[in-house]
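Undergrad: here is my input, please return the structure:
(one chain, ligands or ions: 1)
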Amino acid sequence: MAESKGTIIQRYEKNPILTKLDVPYPVETVHNAGVTKYNGQYIMLFRSHLRNGRSIVGMAASDDGVHFRVKPEPFLTPAKEGPFAAYEEYGVEDPRICAMGDNYLITYSAYSRYGVRVALAQTRDFERVERISLITQTDHRNVVIFPEKVGGRYARLDRPHSEISPWSIWISYSPDLIHWGDSKVLIKPLSYHWDEMKVGPGAPPFKTAKGWLNIFHGVFRTMDGAVYRLGAALHDLQDPSTLLGVADEWILQPEDLWEVSGYVHNVVFCCGAVPEDDGTIKIYWGGADSVMCVGTAQIEDLVGLCLSNPRPAL
Ligand code: BMA
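TA: Numbering: from 1, shown residues only. The predicted model follows:
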(Lines give C-alpha, C1' and ligand atoms only; values in the text may rest on other atoms or scores of the structure.)
Protein backbone atom coordinates (compact mmCIF):
# COMPACT_ATOMS: atom_id res chain seq x y z
CA MET A 1 0.00 0.00 0.00
CA ALA A 2 1.21 3.53 -0.72
CA GLU A 3 2.07 5.75 2.23
CA SER A 4 0.67 9.24 2.29
CA LYS A 5 1.16 11.29 5.43
CA GLY A 6 -1.76 12.73 7.38
CA THR A 7 -4.41 10.49 5.83
CA ILE A 8 -6.13 7.82 7.85
CA ILE A 9 -6.58 5.51 4.83
CA GLN A 10 -3.51 4.64 2.77
CA ARG A 11 -4.55 4.16 -0.81
CA TYR A 12 -3.07 1.17 -2.64
CA GLU A 13 -0.45 2.55 -4.98
CA LYS A 14 -1.76 0.61 -7.96
CA ASN A 15 -5.40 1.65 -7.72
CA PRO A 16 -7.76 1.11 -9.39
CA ILE A 17 -7.73 -2.63 -8.66
CA LEU A 18 -10.61 -3.59 -10.95
CA THR A 19 -12.08 -1.94 -14.05
CA LYS A 20 -14.45 -2.91 -16.83
CA LEU A 21 -11.43 -4.05 -18.85
CA ASP A 22 -11.02 -6.94 -16.39
CA VAL A 23 -14.54 -8.24 -16.97
CA PRO A 24 -14.96 -10.99 -19.59
CA TYR A 25 -18.52 -9.95 -20.55
CA PRO A 26 -19.70 -6.53 -21.75
CA VAL A 27 -20.12 -3.98 -18.92
CA GLU A 28 -19.52 -0.25 -18.68
CA THR A 29 -18.50 0.10 -15.01
CA VAL A 30 -17.16 -1.91 -12.05
CA HIS A 31 -18.01 -0.32 -8.71
CA ASN A 32 -19.61 -0.37 -5.25
CA ALA A 33 -18.50 -3.90 -4.34
CA GLY A 34 -19.11 -5.96 -1.22
CA VAL A 35 -16.04 -7.93 -0.14
CA THR A 36 -15.52 -10.77 2.31
CA LYS A 37 -13.13 -13.62 3.07
CA TYR A 38 -14.25 -17.12 2.10
CA ASN A 39 -12.16 -20.29 2.11
CA GLY A 40 -8.89 -18.37 2.43
CA GLN A 41 -9.74 -16.08 -0.49
CA TYR A 42 -11.13 -12.58 -0.82
CA ILE A 43 -14.44 -12.61 -2.66
CA MET A 44 -15.69 -9.43 -4.28
CA LEU A 45 -19.26 -8.96 -5.52
CA PHE A 46 -19.23 -5.86 -7.69
CA ARG A 47 -21.87 -3.80 -9.46
CA SER A 48 -21.66 -3.13 -13.19
CA HIS A 49 -23.78 -0.97 -15.45
CA LEU A 50 -24.87 -2.57 -18.68
CA ARG A 51 -25.27 -0.49 -21.81
CA ASN A 52 -28.98 -0.09 -21.11
CA GLY A 53 -28.03 1.72 -17.89
CA ARG A 54 -29.30 -1.04 -15.61
CA SER A 55 -27.02 -2.86 -13.17
CA ILE A 56 -25.98 -6.44 -12.51
CA VAL A 57 -23.59 -8.01 -9.98
CA GLY A 58 -20.37 -9.81 -10.94
CA MET A 59 -17.92 -11.77 -8.85
CA ALA A 60 -14.12 -11.70 -8.53
CA ALA A 61 -11.72 -13.64 -6.30
CA SER A 62 -8.26 -12.87 -4.95
CA ASP A 63 -5.55 -14.44 -2.82
CA ASP A 64 -4.21 -11.15 -1.46
CA GLY A 65 -7.19 -8.78 -1.44
CA VAL A 66 -5.63 -6.63 -4.13
CA HIS A 67 -5.25 -8.69 -7.32
CA PHE A 68 -8.69 -9.95 -8.37
CA ARG A 69 -9.77 -12.27 -11.18
CA VAL A 70 -13.32 -11.94 -12.46
CA LYS A 71 -15.49 -15.04 -12.90
CA PRO A 72 -16.67 -15.68 -16.47
CA GLU A 73 -20.38 -15.24 -15.66
CA PRO A 74 -22.26 -12.60 -13.62
CA PHE A 75 -23.17 -13.64 -10.05
CA LEU A 76 -26.60 -12.00 -9.82
CA THR A 77 -28.83 -10.56 -12.53
CA PRO A 78 -32.41 -9.29 -12.18
CA ALA A 79 -34.87 -12.13 -11.47
CA LYS A 80 -36.98 -13.00 -14.49
CA GLU A 81 -39.71 -14.86 -12.61
CA GLY A 82 -41.08 -15.32 -9.12
CA PRO A 83 -41.78 -12.70 -6.45
CA PHE A 84 -38.52 -10.76 -7.00
CA ALA A 85 -38.98 -10.19 -10.75
CA ALA A 86 -41.35 -7.22 -10.49
CA TYR A 87 -38.99 -5.44 -8.08
CA GLU A 88 -35.68 -6.08 -9.89
CA GLU A 89 -36.81 -5.07 -13.37
CA TYR A 90 -34.53 -2.00 -13.46
CA GLY A 91 -31.48 -3.71 -11.95
CA VAL A 92 -29.66 -4.99 -8.89
CA GLU A 93 -27.13 -2.67 -7.23
CA ASP A 94 -24.58 -2.14 -4.47
CA PRO A 95 -24.24 -5.60 -2.85
CA ARG A 96 -23.04 -5.93 0.74
CA ILE A 97 -21.83 -9.26 2.15
CA CYS A 98 -22.30 -10.19 5.79
CA ALA A 99 -20.58 -13.38 6.98
CA MET A 100 -22.84 -15.04 9.54
CA GLY A 101 -21.16 -18.32 10.54
CA ASP A 102 -20.91 -20.46 7.38
CA ASN A 103 -23.61 -18.47 5.68
CA TYR A 104 -23.02 -15.32 3.66
CA LEU A 105 -25.91 -12.89 3.63
CA ILE A 106 -26.06 -10.57 0.66
CA THR A 107 -28.15 -7.42 0.68
CA TYR A 108 -28.63 -5.42 -2.51
CA SER A 109 -30.79 -2.65 -3.92
CA ALA A 110 -33.57 -3.86 -6.21
CA TYR A 111 -34.82 -1.19 -8.62
CA SER A 112 -38.13 -1.22 -10.43
CA ARG A 113 -40.99 1.01 -11.54
CA TYR A 114 -42.12 0.78 -7.90
CA GLY A 115 -38.99 2.44 -6.51
CA VAL A 116 -35.99 0.94 -4.76
CA ARG A 117 -36.26 -1.87 -2.23
CA VAL A 118 -33.59 -3.94 -0.50
CA ALA A 119 -33.44 -7.67 -1.16
CA LEU A 120 -31.72 -10.34 0.91
CA ALA A 121 -30.03 -13.39 -0.61
CA GLN A 122 -27.67 -15.99 0.82
CA THR A 123 -24.90 -18.30 -0.31
CA ARG A 124 -22.66 -20.83 1.38
CA ASP A 125 -20.23 -21.36 -1.49
CA PHE A 126 -20.43 -18.31 -3.79
CA GLU A 127 -21.61 -20.63 -6.54
CA ARG A 128 -25.29 -21.02 -5.79
CA VAL A 129 -27.19 -18.00 -4.54
CA GLU A 130 -30.67 -18.15 -3.08
CA ARG A 131 -32.96 -15.14 -2.73
CA ILE A 132 -34.63 -15.07 0.68
CA SER A 133 -36.88 -12.03 0.90
CA LEU A 134 -37.41 -8.39 0.04
CA ILE A 135 -36.70 -6.90 3.44
CA THR A 136 -37.86 -3.32 2.98
CA GLN A 137 -40.80 -1.62 1.39
CA THR A 138 -40.04 0.97 -1.25
CA ASP A 139 -37.42 3.70 -1.02
CA HIS A 140 -34.80 2.17 1.19
CA ARG A 141 -31.19 1.58 0.21
CA ASN A 142 -27.90 0.67 1.89
CA VAL A 143 -28.87 -2.14 4.25
CA VAL A 144 -25.94 -3.63 6.17
CA ILE A 145 -26.49 -6.54 8.57
CA PHE A 146 -24.45 -6.94 11.75
CA PRO A 147 -22.45 -10.22 11.63
CA GLU A 148 -23.75 -11.31 15.07
CA LYS A 149 -27.12 -11.27 16.73
CA VAL A 150 -27.65 -8.51 19.27
CA GLY A 151 -29.76 -9.38 22.31
CA GLY A 152 -31.01 -12.50 20.49
CA ARG A 153 -32.09 -10.62 17.36
CA TYR A 154 -30.54 -9.83 14.00
CA ALA A 155 -29.69 -6.15 13.60
CA ARG A 156 -29.15 -3.97 10.58
CA LEU A 157 -28.41 -0.37 9.66
CA ASP A 158 -30.44 1.06 6.82
CA ARG A 159 -31.36 4.29 5.11
CA PRO A 160 -34.97 5.11 4.30
CA HIS A 161 -35.66 7.98 1.88
CA SER A 162 -37.75 10.85 3.18
CA GLU A 163 -39.11 14.07 1.75
CA ILE A 164 -39.56 15.53 5.20
CA SER A 165 -36.28 14.73 6.90
CA PRO A 166 -32.70 14.54 5.53
CA TRP A 167 -31.76 10.98 4.58
CA SER A 168 -30.35 9.38 7.74
CA ILE A 169 -28.96 6.11 9.11
CA TRP A 170 -31.45 3.98 11.07
CA ILE A 171 -31.22 0.70 12.98
CA SER A 172 -33.82 -2.12 12.80
CA TYR A 173 -34.06 -5.60 14.34
CA SER A 174 -35.45 -8.96 13.27
CA PRO A 175 -36.11 -12.36 14.85
CA ASP A 176 -35.73 -14.21 11.52
CA LEU A 177 -34.00 -11.92 8.96
CA ILE A 178 -37.36 -11.49 7.18
CA HIS A 179 -39.53 -9.39 9.47
CA TRP A 180 -37.80 -6.18 10.56
CA GLY A 181 -38.88 -3.47 12.98
CA ASP A 182 -38.28 -1.68 16.26
CA SER A 183 -36.57 0.97 14.10
CA LYS A 184 -34.79 4.01 15.42
CA VAL A 185 -32.89 6.87 13.75
CA LEU A 186 -29.21 6.98 14.74
CA ILE A 187 -27.21 9.40 12.57
CA LYS A 188 -28.56 12.43 10.74
CA PRO A 189 -26.71 14.65 8.27
CA LEU A 190 -25.25 17.66 10.06
CA SER A 191 -25.94 21.14 8.67
CA TYR A 192 -23.03 22.89 7.04
CA HIS A 193 -20.88 19.80 7.36
CA TRP A 194 -19.31 17.44 4.79
CA ASP A 195 -22.32 15.09 5.09
CA GLU A 196 -25.07 17.71 5.24
CA MET A 197 -27.09 16.39 2.29
CA LYS A 198 -27.43 12.70 3.26
CA VAL A 199 -25.73 9.82 5.02
CA GLY A 200 -26.06 6.07 4.46
CA PRO A 201 -24.47 2.85 5.70
CA GLY A 202 -21.43 1.63 3.74
CA ALA A 203 -19.60 -1.52 4.84
CA PRO A 204 -21.31 -4.00 7.17
CA PRO A 205 -20.32 -3.05 10.74
CA PHE A 206 -17.40 -4.99 12.22
CA LYS A 207 -16.48 -5.70 15.79
CA THR A 208 -13.56 -3.94 17.50
CA ALA A 209 -12.50 -4.08 21.14
CA LYS A 210 -14.21 -0.72 21.72
CA GLY A 211 -17.40 -1.06 19.68
CA TRP A 212 -18.95 -1.78 16.30
CA LEU A 213 -17.21 0.26 13.65
CA ASN A 214 -19.52 1.62 10.97
CA ILE A 215 -17.98 3.00 7.78
CA PHE A 216 -20.67 5.11 6.11
CA HIS A 217 -20.98 7.57 3.26
CA GLY A 218 -21.89 11.21 3.55
CA VAL A 219 -22.81 13.60 0.77
CA PHE A 220 -22.29 17.35 0.32
CA ARG A 221 -24.06 19.34 -2.38
CA THR A 222 -21.88 21.81 -4.27
CA MET A 223 -22.46 24.09 -7.27
CA ASP A 224 -20.82 21.29 -9.26
CA GLY A 225 -23.07 18.50 -7.94
CA ALA A 226 -22.79 16.08 -5.03
CA VAL A 227 -19.50 14.97 -3.42
CA TYR A 228 -19.54 11.50 -1.84
CA ARG A 229 -17.09 10.92 1.02
CA LEU A 230 -16.65 8.22 3.68
CA GLY A 231 -17.05 8.67 7.42
CA ALA A 232 -16.78 6.47 10.52
CA ALA A 233 -18.91 5.93 13.60
CA LEU A 234 -18.56 3.68 16.63
CA HIS A 235 -21.59 1.89 18.12
CA ASP A 236 -21.84 0.24 21.53
CA LEU A 237 -21.09 -3.51 21.37
CA GLN A 238 -24.03 -4.59 23.54
CA ASP A 239 -26.47 -1.98 22.23
CA PRO A 240 -25.53 -0.73 18.75
CA SER A 241 -28.37 1.79 18.85
CA THR A 242 -26.10 3.72 21.23
CA LEU A 243 -23.50 5.81 19.43
CA LEU A 244 -20.14 6.09 21.17
CA GLY A 245 -18.97 8.63 18.61
CA VAL A 246 -19.44 9.80 15.03
CA ALA A 247 -16.14 11.10 13.70
CA ASP A 248 -16.37 14.79 12.86
CA GLU A 249 -13.95 14.42 9.95
CA TRP A 250 -14.37 12.34 6.84
CA ILE A 251 -11.96 9.43 6.44
CA LEU A 252 -11.79 9.44 2.63
CA GLN A 253 -12.71 11.90 -0.09
CA PRO A 254 -12.42 11.77 -3.89
CA GLU A 255 -8.86 12.72 -4.81
CA ASP A 256 -7.42 10.31 -7.35
CA LEU A 257 -8.22 10.95 -11.00
CA TRP A 258 -10.56 7.94 -11.19
CA GLU A 259 -12.46 9.21 -8.13
CA VAL A 260 -12.92 12.83 -9.24
CA SER A 261 -13.71 11.88 -12.82
CA GLY A 262 -15.74 9.06 -14.33
CA TYR A 263 -19.33 7.94 -14.80
CA VAL A 264 -20.41 10.06 -11.78
CA HIS A 265 -17.65 12.47 -10.76
CA ASN A 266 -16.48 13.10 -7.18
CA VAL A 267 -17.60 9.81 -5.67
CA VAL A 268 -16.00 7.37 -3.25
CA PHE A 269 -18.63 4.82 -2.19
CA CYS A 270 -17.95 1.88 0.12
CA CYS A 271 -19.92 -1.39 0.36
CA GLY A 272 -17.25 -3.59 1.97
CA ALA A 273 -14.25 -3.73 4.28
CA VAL A 274 -12.20 -6.69 5.51
CA PRO A 275 -10.58 -6.52 8.97
CA GLU A 276 -7.27 -8.40 9.17
CA ASP A 277 -5.62 -10.17 12.11
CA ASP A 278 -2.79 -7.60 12.30
CA GLY A 279 -5.06 -4.73 13.37
CA THR A 280 -5.44 -3.26 9.90
CA ILE A 281 -8.50 -3.17 7.71
CA LYS A 282 -8.81 -3.24 3.95
CA ILE A 283 -11.44 -0.75 2.84
CA TYR A 284 -12.87 -1.09 -0.67
CA TRP A 285 -14.62 1.69 -2.55
CA GLY A 286 -16.03 2.48 -5.94
CA GLY A 287 -14.33 5.46 -7.62
CA ALA A 288 -16.66 7.78 -9.59
CA ASP A 289 -19.11 4.88 -10.08
CA SER A 290 -16.56 3.49 -12.57
CA VAL A 291 -13.77 1.45 -10.95
CA MET A 292 -12.88 -0.38 -7.72
CA CYS A 293 -10.17 0.84 -5.34
CA VAL A 294 -8.69 -0.35 -2.04
CA GLY A 295 -6.80 1.18 0.85
CA THR A 296 -5.74 0.16 4.34
CA ALA A 297 -6.20 1.78 7.71
CA GLN A 298 -5.31 0.93 11.28
CA ILE A 299 -8.53 -0.08 13.04
CA GLU A 300 -7.24 1.70 16.15
CA ASP A 301 -6.95 4.98 14.23
CA LEU A 302 -10.53 4.77 12.98
CA VAL A 303 -11.81 4.00 16.49
CA GLY A 304 -9.68 6.84 17.87
CA LEU A 305 -11.11 9.31 15.36
CA CYS A 306 -14.67 8.43 16.42
CA LEU A 307 -13.93 8.80 20.11
CA SER A 308 -11.50 11.75 20.19
CA ASN A 309 -13.35 14.24 18.02
CA PRO A 310 -17.02 13.30 17.66
CA ARG A 311 -19.81 15.42 16.17
CA PRO A 312 -23.45 15.21 17.29
CA ALA A 313 -25.12 12.08 15.89
CA LEU A 314 -28.62 13.60 15.56
C1 BMA B 1 -26.09 6.85 -4.81
C2 BMA B 1 -26.20 5.42 -5.27
C3 BMA B 1 -24.82 4.81 -5.35
C4 BMA B 1 -23.89 5.67 -6.20
C5 BMA B 1 -23.94 7.11 -5.72
C6 BMA B 1 -23.12 8.06 -6.58
O7 BMA B 1 -27.34 7.48 -4.77
O8 BMA B 1 -26.84 5.36 -6.52
O9 BMA B 1 -24.93 3.53 -5.94
O10 BMA B 1 -22.57 5.21 -6.11
O11 BMA B 1 -25.28 7.57 -5.71
O12 BMA B 1 -23.62 8.08 -7.90
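Undergrad: residues in contact with the closest residue to the ligand within the stretch 51-200 of the chain?
TA: Nearest residue of the stretch 51-200 of the chain to the ligand, counting by Cβ to the nearest ligand atom: residue 94, 4.9 Å away. Where you see a C-beta, it was placed from the backbone N, CA and C, and this is true even at glycine. Going by Cβ atoms under 8 Å, 6 or more residues apart in numbering, residue 94 touches 32, 47, 108-109, 141-142, 269, 271.
Undergrad: what's the per-residue pLDDT of the residue nearest to the spatial centre of the chain here?
TA: Nearest residue to the geometric centre of the chain (Cα atoms, centre = their mean): residue 271, 1.9 Å. Listed pLDDT for residue 271 reads 98.
Undergrad: what does residue 4 give?
TA: Looking at residue 4, the pLDDT reads 49.
Undergrad: repeat that for the one 10 residues further on.
TA: pLDDT, the model's per-residue confidence, is 98 for residue 14.
Undergrad: give the contact list for residue 269.
TA: 31-32, 94, 202, 217, 228, 285-286, 289.
Undergrad: how about the residues of the protein near the ligand?
TA: 32, 93-94, 228, 264, 267, 269, 286, 289 (Cβ under 6 Å from any ligand atom).
Undergrad: quick one: mean pLDDT over stretch 138-157.
TA: pLDDT averaged over stretch 138-157 gives 97.
Undergrad: chain center to that stretch: distance?
TA: From the chain centre to the centre of stretch 138-157 is a distance of 13 Å (Cα atoms, centre = their mean, to the nearest Å).
Undergrad: list the buried residues of it.
TA: For stretch 138-157, the neighbour count (16 or more other Cβ atoms under 10 Å) marks 140-147, 150, 153-157 as buried.
Undergrad: can I get the residues you listed in a markdown table including secondary structure?
TA: What follows is the buried residues of stretch 138-157, written out as a markdown table (DSSP: H, G, I helix; E, B strand; the rest coil):
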| residue | secondary structure |
| --- | --- |
| 140 | strand |
| 141 | strand |
| 142 | strand |
| 143 | strand |
| 144 | strand |
| 145 | strand |
| 146 | coil |
| 147 | coil |
| 150 | strand |
| 153 | strand |
| 154 | strand |
| 155 | strand |
| 156 | strand |
| 157 | strand |
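Undergrad: adding distance to residue 74, write these out as TSV.
TA: Below are the buried residues of stretch 138-157 laid out as TSV (distance: Cβ to Cβ, whole Å):
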residue	distance to residue 74
140	24
141	21
142	22
143	21
144	22
145	23
146	28
147	26
150	33
153	33
154	28
155	30
156	25
157	27
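Undergrad: ok, of the residues you listed, which one's closest to residue 56?
TA: Distance to residue 56 across the buried residues of stretch 138-157 (Cβ to Cβ) is lowest for residue 141, with 17.0 Å.
Undergrad: is the closest one in a bridge, and if so with what?
TA: residue 159 (DSSP bridges).
Undergrad: in the stretch 101-250 of the chain, which spans are strands?
TA: Listed in chain order, the strands of the stretch 101-250 of the chain (DSSP state E, counting those that start in this stretch) span 103-112, 115-123, 130-134, 140-145, 154-160, 169-174, 181-187, 198-201, 206-208, 211-222, 225-235, 243-247.
Undergrad: the ones you listed: which one's closest to residue 72?
TA: Of the strands of the stretch 101-250 of the chain, nearest to residue 72 by Cβ to Cβ is strand 115-123, at 17.5 Å.
Undergrad: outside of the closest one, which residues touch it?
TA: For strand 115-123, the surrounding residues in contact (Cβ under 8 Å, 6+ apart) are 76, 84, 87-88, 92, 103-110, 129-143, 158, 161, 177-178.
Undergrad: ok, stretch 163-171 next?
TA: For stretch 163-171, using Cβ under 8 Å, 6+ apart, the contacting residues are 155-162, 183-189, 196-201, 214, 216, 240-241.
Undergrad: which of those count as buried?
TA: Using 16+ other Cβ under 10 Å, the buried ones in the contacts of stretch 163-171 are 155-160, 186-189, 196-201, 214, 216, 240-241.
Undergrad: any chance you could list what contacts the helix or strand harbouring residue 61?
TA: In the assignment (DSSP states H and E), residue 61 maps to strand 55-62. In this structure, residues lying in contact with strand 55-62 by Cβ under 8 Å, 6+ apart are 18, 22-23, 25, 27, 30, 33, 41-50, 68-71, 74-78, 91-93, 95, 108, 111, 126.
Undergrad: show me these that map onto strands.
TA: Among the contacts of strand 55-62, the members falling in strands (DSSP state E) are 33, 41-49, 69-70, 91-93, 95, 108, 111.
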